[in-house]
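1. need a 3D model of the following:
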Amino acid sequence: ATSASANHKKSGRRLGERAPGTTLLPASRVESMLPLNNISGSIAMSKEAVFILSISTEEFIKRLAQAGQRQASAKRRGIVNYTDLACSTQQYQEFMFLQDTIPEPISIAEALERRATKEKEDLEANPAMSTTVHRQSPPFIAVSAPQLNGKSKTK
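-> Numbering: from 1, shown residues only. Predicted coordinates for the structure are as follows:
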């Protein structure tokens, strides 16, 4: 079995290749995602509109994956990982709107430093915030099992 034949389905098409008039994404899944994101609201979408949205989504995913593949290939890797996609959002204009969604990874030390800086800026911008307020978990209070329901188990 050659690798070319391994990439074909029984229909003779390569995996991930769409037959004309069909989509790889089920219409029911696309329709179920719309209300979750308040995209369509109370507006019903026709089957044709859902089909076009499915095709557009497939094309977007394909282009993002190809951009990630270009990044991985440039680093002489065959596997696309998160950093490749994050670099793609920085490098390619069509994906720059995803920079907040797929940010470049940073070290934990840098993340903690950024948080401390942000907290300091917020405190300086809003003097009403008390300097004595710190992020702490509430103190642990031990409660015995009979007191949890407000009933005593003693008879």
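2. now E48, what are its backbone angles?
-> As for E48, its main-chain torsions (degrees, to the nearest 10) stand at phi -70, psi -40.
3. count the residues that sit near it.
-> 8 (other CB atoms under 10 Å). C-beta here means a position set from N, CA and C on the backbone, and glycine is covered the same way.
4. next: the one 4 residues further on.
-> I52 is surrounded by 13 other residues when neighbours are defined as other CB under 10 Å.
5. and it, how far is that from S46?
-> 9 Å (CB to CB, to the nearest Å).
6. and if you look at Q69?
-> 34 Å.
7. what of D122?
-> 47 Å.
8. same check on T89?
-> In terms of CB to CB, T89 sits 32 Å off from S46.
9. those two: which has the busier surroundings?
-> Between T89 and S46, counting by other CB under 10 Å, T89 is the more crowded of the two (21 against 8).
10. surely that one and Q99 touch.
-> Yes - T89 lies in contact with Q99 (CB atoms under 8 Å); the separation is 4.9 Å.
11. and S88, how many neighbours?
-> 24.
12. and it, what element?
-> Per DSSP states H and E, S88 falls inside helix 82-91.
13. could you point out which element follows that helix?
-> helix 108-125.
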